[in-house]
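Enquirer: Provided below are the primary sequence and the corresponding predicted coordinates.
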Amino acid sequence: MTGNLSGRVAVVTGSSRGIGRAVAVRLAERGAAVVVSYLKNDGPAGEVVEQIEAGGGKAIAVRADLSVPANVTHLFDRAEHEFGSIDIVVANAADAIVKPLVDCTEGDFDHLFAANVKSVFFTLKEAALRMRDGGRIVVTSTGGTKMFFTETSLYLGSKGAIEQFVRVLSRELGPRGITVNALSPGFTDTDLLPARDREVAADMSPFGRIGTPGDIADVAAFLASPDARWITGQNIGAGGGVF
């Protein structure tokens, strides 16, 4: 599949670290020009761009708070200005709050649904308005929506919402040949997975380990490729057999 994204333009949100970073790098390795969208981490975002350029690829970094619709518009404006029409959008940016439901405040609710739901909704809206026919949209959800965990009501509730966006939008964009899918990682080696849970998480997989960002990036790159033309409206699990 190396090089099968040549000539395509990708926007990857939340791509200064973790899974988003791995996805941005993988898409670039396969030929796409990549817009690295981030919220706070100027240094790491710049490192992603440097890594892509060192490998012969094209990339820019754009800082944007995607819970503000005007910033989403700005992000897509920059992408089109630098590289032209957009073919691939990976909506990966997210935050997490872990606490019992009874301890969650209105501020917690507003913050997480702005970060995980509002931001994705307006990213999808902009993608639908701008991307070329035959494009690919991938939304990062979580395998947690298929499991039972305590202290994750706000996080899993927000991810459940975006899974429904995927199902509906896949129908709306199907006539244009645009696929829309959710990608649900399992336990993955990022800062969102506490050290105390890693051994138990590894034991839950038949492979005896937790996932790497590269494991998830390979699945995302497939969903972003021409080979995934017959997959849409799906929630693709990438959890190493955990769920």
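Expert: Received the coordinates, thanks. This structure is a prediction, so every number in the text was calculated from the model and none was measured.
Enquirer: what's Val117 in contact with, if anything?
Expert: Val117 makes contact with Ser158, Ala161, Ile162, according to Cβ atoms under 8 Å, 6 or more residues apart in numbering. Backbone N, C-alpha and C define where each C-beta goes, glycine included.
Enquirer: which of these tops the neighbour count?
Expert: Within these, Ser158 tops the neighbour count with 27 neighbours, counted by other Cβ atoms under 10 Å.
Enquirer: surely Pro226 meets Asn4?
Expert: Yes: the pair Pro226 / Asn4 is scored as a contact, 6.5 Å apart, by Cβ atoms under 8 Å.
Enquirer: Please identify which of the two sits among more neighbours.
Expert: Legend: neighbour count by other Cβ under 10 Å for Pro226 and Asn4, higher for Asn4 (15 against 11).
Enquirer: Does that one belong to a helix, a strand or coil?
Expert: Per DSSP: H, G, I helix; E, B strand; the rest coil, the secondary structure class of Asn4 is coil.
Enquirer: just Gly241 next, same as before
Expert: On the basis of three-state DSSP, Gly241 is classed as coil.
Enquirer: residue contacts, it?
Expert: So Gly241 contacts Ser205, Pro206, Phe207 (Cβ under 8 Å, 6+ apart).
Enquirer: What is the neighbour count of Gly237?
Expert: Counted with other Cβ under 10 Å, residues neighbouring Gly237 total 19.
Enquirer: That one looks like it's in a helix, true?
Expert: No: counting by three-state DSSP, Gly237 falls outside a helix, being strand.
Enquirer: The residue lying closest to it once chain neighbours are set aside: neighbour count?
Expert: Nearest non-adjacent residue to Gly237, counting by Cβ to Cβ, 6 or more residues apart in numbering: Ser184, 5.1 Å away. Ser184 has 22 neighbours, counted by other Cβ under 10 Å.
Enquirer: Kindly report the same for Phe165.
Expert: Neighbour tally, Phe165, other Cβ under 10 Å: 20.
Enquirer: Please shift the residue numbers so they start at 742 in all later answers.
Expert: OK, 742 is where the count begins now, so the last one is Phe906.
Enquirer: Just the buried positions in the host helix or strand of it, please.
Expert: Assigning secondary structure by DSSP states H and E places Phe906 in helix 894-914. By neighbour count with 16 or more other Cβ atoms under 10 Å, helix 894-914 contains the buried residues 894-900, 902-903, 906-907, 910-911, 914.
Enquirer: swap in stretch 962-978?
Expert: By neighbour count with 16+ other Cβ under 10 Å, stretch 962-978 contains the buried residues Ala962, Phe963, Leu964, Ala965, Ser966, Ala969, Thr973, Gly974, Gln975, Asn976, Ile977, Gly978.
Enquirer: Could you do stretch 942-961 as well?
Expert: Within stretch 942-961, the residues scored as buried using 16+ other Cβ under 10 Å are Ala942, Ala943, Met945, Ser946, Ile951, Gly952, Pro954, Asp956, Ile957, Ala958, Val960, Ala961.
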